[in-house]
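Q: give the three-dimensional model of this entry:
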Amino acid sequence: MQIHVTFDSLEEMKEFIDKTYVATPEVPSGSPATEPSVQAPQQAPVPPVVPVQTQAAPPVQQAPAAAVPTSATTYSMDDLARAGMALMNSGHQAELQQLLVQFGVNSLPELPVEQYGAFATALRGLGAQI
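A: As a prediction, this is how the structure comes out:
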């Protein structure tokens, strides 16, 4: 395996040598060397790490939840009357009277049909099963 190293300047080559050269002890001339000197293998230079600029991903926008088709529950006067009677029998007569006043009527038959759903919801708030 061969490694090829290219330098752009003399200074770069000197830095490379200073970082990778492993000096071996000098043997005085005329003395026999007892062991051959072994030089550590040179490692290839590691290229510098270049920071990479990243762009933040745009925020993910969630699509609005699709409306689930529902059927509107319709209530009859009998449904409201049954729920109201159950409330009266359980001791909530005063709250039921206040609810009628909130809807602007004195009795259930005066309640406009358009308000049956809202009145049923209010009855549930008082504990009615409707």
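
Q: Thr20: how many residues sit nearby?
A: 14 (other Cβ atoms under 10 Å). C-beta here means a position set from N, CA and C on the backbone, and glycine is covered the same way.

Q: that one against Gln43, yeah?
A: Yes - if you go by Cβ atoms under 8 Å, Thr20 and Gln43 touch, sitting 6.6 Å apart.

Q: pLDDT below threshold where in the chain?
A: Counting by pLDDT under 70, the chain shows low-confidence ranges at 22-42, 44, 50, 52-58, 60, 63-70.

Q: let's see 90
A: 1-74, 87-88, 129-130 (pLDDT under 90).

Q: the helix of greatest length in it packs against which elements?
A: For the chain, the longest helix by residue count, based on DSSP state H, is helix 77-89. Other elements packing on helix 77-89 under the criterion 3 or more Cβ pairs under 8 Å, 6 or more residues apart in numbering; DSSP states H and E are helix 93-102, helix 116-125.

Q: any idea how many residues pack against Arg124?
A: Counted with other Cβ under 10 Å, Arg124 comes out at 12.
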